[in-house]
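Participant: Give me a model of this one.
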Amino acid sequence: MSSPVLGRNSALEAMLDEKPVWRVKTPAGDEAWLVIGYPEIRELLLDRRLGRTHSDPDNAAQYVRAPIFHWIRSFAGKGDDYEAHARFRLLLAPYFTNRRMKGFRERVRSIVNSTLDGVLASGPPVDLLVAFGYPVAAQVTYELLGVPESEWETVTGLVYGMSDLDDQHGATANAQRLLGYLEDLAARKRVSPDGDVLSGMCAAGVSDAEAAMMMGVLLFAGNSVGPHIGNGMVRLLADAELRQRVLDSPDVLPNAIEELLRTANFGGSVQPHYALEDIEIGDVTMRRGELVMLDFGLANFDRRAFDDPARVDFDRAPNPHITFARGAWHCIGAPLARMELQEAFSALLTQLPNLRLTVSVQELNNANSNRLSSSLAAVPVTW
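Facilitator: As a prediction, the model looks like this:
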């Protein structure tokens, strides 16, 4: 069973068909390479000449001027990008094992159900992103990382504030406040550790400042599940056959989630990287220090990798999408994200059988351009 993808863009389709690498100007006004071809991105993700950090982060070309990207490109300091990243992953790996995820599922389910209870209590109509998608993603992330429940609202406000692309001063101020809060939380965890990620970092000898930076990056990564909940539900609500397929055959949900992840964004899922050395790919040479933007969302629609890519097909197999990147950069939280999506979609579809959009799909295709997010601006629903 299949359905057309929502939000297709003919200009982006033409770019993808014409060539895989483009020289562009970023929203921040800087020159960059935009890589949109699937084979090219897969190759670059395994190329150690491409990294996420920059030797001069304050003066590096930027995709958008956002504190989170400054943290990432500063992450290695003067050290080796891959060594710093490998150390980061080594610290996190014990918290994302299959056994750990199985034990965490009940807590995720509880968060999903309690959030949905709040939605039901408030009554329709609601913005599914604001009322459900974002809160579920944030609360699951806070629980795993070790943010006390009494402080969830504070952290949410700081993360949201530092994502505002229209207010650079405000975003920077919120970023500094968030780092200060996380350093204080790390100091508290040293005194009263728990079984969470931050306690583990502290026990491993990570400084308060470094733990705060790592936690900040993880907060943003975890919150990215919220848009996937919204985007995926739009596709299910917009196609009665796809929705019914999941309801009739719950065992299809894992495959459905992979396809919803592949088709979540028709372009715009950009991850900034930097050439650590000169890199030749295709007929272009990326010079050392240049900004290289990998668009995973658009690459997932490359005809060279996927048959009839502009269709949502829950029977697609294999489905080697790169939504979670690849190699050293593969998202360590992918198993958690998949679990969250399974629990969220299952709860919404079974507990709200009459859930429906209140506007046409065409009215949903305007992204929230003044905020660092790959989500739709809103997902208004009723039941």
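Participant: What are the boundaries of the helices in the stretch 51-200 of the chain?
Facilitator: Under the criterion DSSP state H, counting those that start in this stretch, the stretch 51-200 of the chain contains helices at 67-73, 81-92, 98-122, 128, 134-145, 152-161, 168-191, 197-203.
Participant: Which of the ones you listed sits closest to residue 29?
Facilitator: For the helices of the stretch 51-200 of the chain, the distance to residue 29 is smallest for helix 168-191, at 13.0 Å, taking Cβ to Cβ. (Glycine included, C-beta is placed from N, CA and C.)
Participant: Compute the inter-axis angle for the closest one and helix 134-145.
Facilitator: Calculated by axes from the mean of the first three to the mean of the last three Cα atoms, to 10 degrees, helix 168-191 forms an angle of 40 degrees with helix 134-145.
Participant: so who does residue 29 touch?
Facilitator: By Cβ atoms under 8 Å, 6 or more residues apart in numbering, the contact set of residue 29 is empty.
Participant: Over to the one 3 residues further on?
Facilitator: By Cβ under 8 Å, 6+ apart, the contact set of residue 32 is 23-26, 61, 63, 290-293.
Participant: Once you drop chain neighbours, what's closest to it?
Facilitator: residue 291 (3.9 Å; Cβ to Cβ, 6 or more residues apart in numbering).
Participant: What residues does that neighbour make contact with?
Facilitator: Applying Cβ under 8 Å, 6+ apart, the residues near residue 291 are 26, 30-33, 60-63, 272-274.
Participant: Out of the residues you listed, which end up buried?
Facilitator: 26, 30, 32-33, 60-63, 272-274 (16 or more other Cβ atoms under 10 Å).
Participant: between these, which is nearest residue 324?
Facilitator: Looking across the buried ones among the contacts of residue 291 and measuring by Cβ to Cβ, the closest to residue 324 is residue 273, at 15.5 Å.
Participant: what lines up beside whichever helix or strand the closest one is part of in the sheet?
Facilitator: Assigning secondary structure by DSSP states H and E places residue 273 in strand 270-275. Partners of strand 270-275 in the sheet, by DSSP bridges, are strand 50-51 (antiparallel), strand 291-295 (antiparallel).
Participant: Sheet-wise, list the partners of the helix or strand following that strand with their directions.
Facilitator: Next in sequence after strand 270-275, counting helices and strands by DSSP H and E, comes strand 279-281. Looking at strand 279-281 with DSSP bridges, its partner strands are strand 284-286 (antiparallel).
Participant: Outside of the partner strand itself, list whatever touches it.
Facilitator: 21, 23, 33, 275, 278-280, 292.
Participant: change it to 10 Å
Facilitator: The contact list for strand 284-286, computed with Cβ atoms under 10 Å, 6 or more residues apart in numbering, reads 19-23, 32-33, 35, 40, 44, 49-50, 273-275, 277-280, 292.
Participant: Derive a PyMOL selection command for the buried subset of those residues.
Facilitator: Per 16+ other Cβ under 10 Å, the buried members of those correspond to this PyMOL selection:
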select buried, resi 20+21+22+32+33+35+40+44+50+273+274+275+279+292
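Participant: who's residue 357 bridged to?
Facilitator: residue 381.
Participant: Surely it and residue 238 touch.
Facilitator: Yes: under the criterion of Cβ atoms under 10 Å, residue 357 makes contact with residue 238 at 6.9 Å.
Participant: shared neighbours of those two, anything?
Facilitator: Joint contacts of residue 357 and residue 238 (Cβ under 10 Å, 6+ apart) are residue 364.
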